[in-house]
Structures are given as structure tokens and as C-alpha cells.
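> Pasted the sequence and its predicted model underneath.
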Amino acid sequence: MKAKHFFLTGLPFVGKTTALLRSLQLLDRAEGFVTQAVELNGKRIGLNIINSHQQIFKFASLNLNSAHRSGKYSVDIAALNTAIGEVFDNRGKAKYIYIDEIGTLFCQSPFFIDKVSSLLESHTLIGVIAKKGHSFVQEIHRRPDCCFTEVTADNRDDMPNTIMKKITGNEYFEES
């Protein structure tokens, strides 16, 4: 089966989100979201979602009072659901959906899991996914219609070209 969905994996801070964003500049009709670190004095203290409509949602923080936790962050599930709903429910005529990232933090939300499950059947997804973790992450890794590529310091600069070849069959950058 030919892959319909393309996901990047890799170590933290290797450039997965940057590679995804550079690829999105080459695609028409892409809707989705990326995760942005919130820093204070050079230390990461939280995470925001920035969607394709340029809306910003604070959804995870070191200092948030929430029963939902993932690692060192507390998760505001209501804010996460609102952010996800804003982009997934208002995707217009999007051909591609981008998601940064499918991991334990986002899988705290059943709404997120339901939306991504539905989109896997209806659209082409391009995104970042954890290598392991939540059962939903593992489920996606087992899907035959998904392609996974690990981003490394050696291949990250050519990753947009790799993504475009996989998704569209065309090259957009000259090989370096």
C-alpha cells in the first residue's frame, strides 16, 4: 500500500518542526497547527499551539493547576480542545492537514484522538509524531498507509525535499 500520510520522528530539538514548516511553504491548501515553546530566561516553561489561522493557544505549562500532566507539564485540556477544534473544524478546503505533534501530551485529549483518527481517513496528514508512548501513537505507527522518517542533524536540511517527494512525487529543492 502506498503511504498516504507522512510523519517525522526524531530526538528533541533536532529540527522536526522547522522541517515541517519549510515543507508547508511548498504546499497549497494546508491547514493545521504547530507547537511553540514558551521560554523565560532561556528556560522552557510552557507550550503554545499556533494554528494556520495564526491563533495562539496556551495549553501546557509548568505552573498550570491541572489534573492532566505529561512529563513536567500540566495540560489545559479545554484550551487544547479549543485550539484543535478551531483548526480541524474550520479547515475549509484543505488538501493537507499538518500536526505538530502527535504525542503523549496531545493524547491527553480524547477529542484530539477522535479528530486525528477521522482525519487519517479523510485527508493526507503531514506531521511530527513521537517514536513511542501513548497507545494512539503506537496505533498510528502500525498503520500501513503511514510513512515515517527520522530527522537527524545530517538530513534535516533536505527534509522538505524528502517530504515533497513522498507526498507529491515532485522535487522542490535541488539535492545538496
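Nice, I can see it.

> alpha carbons only for contacts and neighbour counts from here, please
Noted.

> And the residue nearest the centre of this protein?
Closest to where the C-alpha atoms of the chain average out (CA atoms, centre = their mean) is D100, at 1.7 Å.

> Tell me how far that one lies from G169.
D100 sits at a distance of 23 Å from G169 (criterion: CA to CA, to the nearest Å).

> before we move on, the earlier item: got phi/psi on the residue nearest to the centre of the chain?
Main-chain torsions, D100, degrees, to the nearest 10: phi -130, psi 90.

> Ok, the one 4 residues further on next?
Geometry field for T104 lists phi and psi as phi -60, psi -40, criterion degrees, to the nearest 10.

> ok, it - contacts?
For T104, the contact set (CA atoms under 8 Å, 6 or more residues apart in numbering) comprises 70, 130, 133-134, 137.

> repeat that with 6 Å
By CA atoms under 6 Å, 6 or more residues apart in numbering, T104 lies in contact with H134.

> do the same with G103
129-130.

> Would you give the sheet partners of the longest strand along the chain, along with the direction of each?
Ranked by residue count under DSSP state E, the longest strand found in the chain is strand 30-40. Note on strand 30-40: by DSSP bridges, its sheet partners are strand 43-51 (antiparallel), strand 96-102 (parallel).

> Using CSV, write out the CA atom coordinates for that strand.
The C-alpha coordinates for strand 30-40 follow below in CSV (Å, rounded to 0.1, in the frame of the first residue of the first chain):
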residue,chain,number,x,y,z
ALA,A,30,-2.6,23.1,4.1
GLU,A,31,-4.3,23.6,7.4
GLY,A,32,-3.1,22.6,10.9
PHE,A,33,-1.0,23.6,13.8
VAL,A,34,2.5,23.7,15.2
THR,A,35,3.6,23.7,18.8
GLN,A,36,5.7,26.6,20.0
ALA,A,37,7.9,26.6,23.2
VAL,A,38,7.2,29.4,25.7
GLU,A,39,10.5,30.4,27.3
LEU,A,40,11.5,32.6,30.2
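
> which other residues reach it?
44-52, 87, 94, 96-100.

> Buried subset of those residues, written for ChimeraX?
Under the burial definition 16 or more other CA atoms under 10 Å, those of the contacts of strand 30-40 that qualify are selected in ChimeraX by:
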select :45,46,47,48,49,50,51,52,87,96,97,98,99,100
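
> burial measure for L105, as a count.
21 (other CA atoms under 10 Å).

> Touching, it and S70? I think so.
Yes. Under the criterion of CA atoms under 6 Å, L105 makes contact with S70 at 5.4 Å.
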